[in-house]
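Novice: No sequence on hand, only this structure:
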Ligand code: BES
Ligand code: MN
Ligand code: ZN
């Protein structure tokens, strides 16, 4: 894929051709080796820093092209700010930030050394992780390559992290590389156009996880009919593209240990159906499968790093179209659970897909807990914008663990309430429930709807309509589809469910 730098680790080495990145703190102090490397042009950096007003602030960079007296073609001094103020999450951001500045450089060496004390292998690997995530580009449909003088986007590069203990860093990197690839897979899926990525094609891509030892089972329409999945099937009935339900299993944990289950909304395109959406911005609804994309990316990461946990991923894949065969407002469908649903608005389709996917997952796997991810409601964007995903849960401990993993990874979640007063709002005159709850508390009534399909299973719902697509650029992401949630859930599994 374009945008994937080749990352390797080596012993610290002298300057040579190519771009070199060195690190300096807020006093412009560097490590011992760095100072030695700069010896031939002793006061070059301090003079340039004075001229540019560079003070070594965190994430700031001083860029010296063809520095006189040094062998490097380009030397970049990356500011770390005050060393003791650098938190865990900062290394990936610093790596991403520098990747954004090296543009078309072909060979980059980062002299990963601090002014004082030892840099950790973990920090070096996190730095590389941030560089890799920032380098991602989705340009497979651009037939005219950009002018190479355009430096606004990072280009592929060979990156060497020169670090005192390369073997230790490489070991830490292995798991991060698996995770980075998982994030990239999720980004690709969200970015793909909807004429390419319809349910059958999505399922095919998920089935490539078999190569890593993931068991993949694809349920077609006739199997879903036999199971009574009338809610999911109703959404897909207006499309020429058949729905699929994909079940992915990674059994890296103890034999017989109950799995954890992650369930994703995979609406490959959401027109709204007969309750059709307005034209403006409708193209964004190709991203209405971001939950399912996250599940596939996560399963990749877990399998590729051989996570010691049993994890099931289930994704409901449909296309929501208006058509002569499409579902109507007023229709009543029967879900796999046996509960009936009156369709009020065909655009509230995600909860219908998840109703059957959640019930099926609970029945078949009796999981320790279930987490679903869904670009479920526009209302969550009104409440939280694009900074946090909405979190809803029937289990305080699970909610707490998700909130903590969110702080650790920067993929943050904010909890909203559930309760019987909200649940009442989806009672129906004609069926067991209706698929919308009116204007008020739209994200909460959607979550209440899902809760009716999880029974007593500990469960959390993440509404990612604001975070799963249309991301604004950050140090570690410039992609429209950010691959949101892969890092969060990998972290949850790693910290809480691996031995
Ligand atoms: N996929 C949309 C939600 C969405 C909106 C995702 C904006 C990303 C950005 C979902 O299927 C939907 O249409 N929800 C409706 C529900 C309503 C009809 C009760 C909504 O939010 O308007
Ligand atoms: Mn919709
Ligand atoms: Zn939708």
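Specialist: That came in fine, so what should we check first? Small disclaimer: the values here were computed from a predicted structure and weren't measured. Residues are numbered from 1 along each chain as shown. Ligands and ions are numbered 1, 2, ... in the order given.
Novice: Show me what the strand or helix carrying residue 357 packs onto, helices and strands only.
Specialist: Residue 357 belongs to helix 350-365 when elements are defined using DSSP states H and E. Under the contact criterion of 3 or more C-beta pairs under 8 Å, 6 or more residues apart in numbering; DSSP states H and E, the helices and strands touching helix 350-365 comprise helix 221-227, helix 230-236, strand 244-251, strand 260-270, strand 310-320, strand 370-374, helix 442-451. No exception for glycine: its C-beta is placed from N, CA and C like everyone else's.
Novice: May I see these organised as TSV, with mean pLDDT added?
Specialist: Output for those, formatted as TSV (pLDDT from 0 to 100):
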stretch	mean pLDDT
helix 221-227	98
helix 230-236	98
strand 244-251	99
strand 260-270	99
strand 310-320	99
strand 370-374	99
helix 442-451	99
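Novice: Mean neighbour count and distance to ligand 2 added to those, as CSV?
Specialist: Below are those laid out as CSV (neighbours: other C-beta atoms under 10 Å; distance: least, C-beta to the ion, whole Å):
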stretch, mean neighbour count, distance to ligand 2
helix 221-227, 14, 20
helix 230-236, 27, 9
strand 244-251, 24, 19
strand 260-270, 29, 4
strand 310-320, 28, 6
strand 370-374, 29, 11
helix 442-451, 25, 10
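Novice: quick one, which of the ones you listed is nearest to ligand 3?
Specialist: Across those, ligand 3 has its closest neighbour in strand 260-270 (3.7 Å, C-beta to the ion).
Novice: Tell me the strands beside the closest one, with direction?
Specialist: Strand 260-270 sits in its sheet next to strand 310-320 (parallel), strand 370-374 (parallel), going by DSSP bridges.
Novice: tilt between it and helix 442-451?
Specialist: 120 degrees (axes from the mean of the first three to the mean of the last three C-alpha atoms, to 10 degrees).
Novice: Tell me how far the very next helix or strand once past strand 260-270 lies from the chain's centre.
Specialist: The C-terminal neighbour of strand 260-270 among helices and strands, as given by DSSP H and E, is helix 290-304. Offset of helix 290-304 from its chain centre (C-alpha atoms, centre = their mean, to the nearest Å): 8 Å.
Novice: same thing with stretch 458-472?
Specialist: The chain centroid and the centroid of stretch 458-472 are separated by 10 Å under C-alpha atoms, centre = their mean.
Novice: And that stretch, what's buried?
Specialist: By 16 or more other C-beta atoms under 10 Å, the buried positions in stretch 458-472 come out as 458-471.
Novice: Taking the residues you listed, tell me the two that lie furthest apart.
Specialist: Greatest spatial distance among these (C-beta to C-beta): 458 and 470, at 30.9 Å.
Novice: Kindly reformat the helices and strands packed on helix 350-365 as TSV containing distance to ligand 3.
Specialist: Conversion of the helices and strands packed on helix 350-365 to TSV gives the following (distance: least, C-beta to the ion, whole Å):
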stretch	distance to ligand 3
helix 221-227	19
helix 230-236	9
strand 244-251	17
strand 260-270	4
strand 310-320	7
strand 370-374	8
helix 442-451	10
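Novice: Those: which one's closest to residue 45?
Specialist: Relative to residue 45, the nearest member of the helices and strands packed on helix 350-365 by C-beta to C-beta is strand 370-374, separated by 46.3 Å.
Novice: what about stretch 433-443, start to end distance?
Specialist: 16 Å (C-alpha to C-alpha, to the nearest Å).
Novice: Stretch 255-264 too?
Specialist: End-to-end distance of stretch 255-264: 25 Å, with C-alpha to C-alpha as the criterion.
Novice: With ligand 1 in mind, check whether it reaches it.
Specialist: No: figure legend: stretch 255-264 not in contact with ligand 1 (C-beta under 6 Å from any ligand atom); closest approach 13.1 Å.
Novice: Residue 6 contacts residue 161, correct?
Specialist: No: at 11.6 Å, residue 6 and residue 161 do not qualify as touching, with contact defined as C-beta atoms under 8 Å.
Novice: Would the helix holding residue 357 count as contacting ligand 2?
Specialist: No: among the residues of helix 350-365, none lie within reach of ligand 2 under C-beta under 5 Å from the ion; the closest is 6.2 Å away.
Novice: Distance-wise, check residue 427 relative to ligand 1.
Specialist: Summarising the geometry, the distance separating residue 427 from ligand 1, computed by C-beta to the nearest ligand atom, to the nearest Å, is 16 Å.
Novice: Can you classify whatever residue of the stretch 201-350 of the chain ends up closest to ligand 2 by secondary structure?
Specialist: Among the residues of the stretch 201-350 of the chain, residue 347 lies nearest to ligand 2; the distance is 3.9 Å by C-beta to the ion. Secondary structure state of residue 347, per DSSP: H, G, I helix; E, B strand; the rest coil, is coil.
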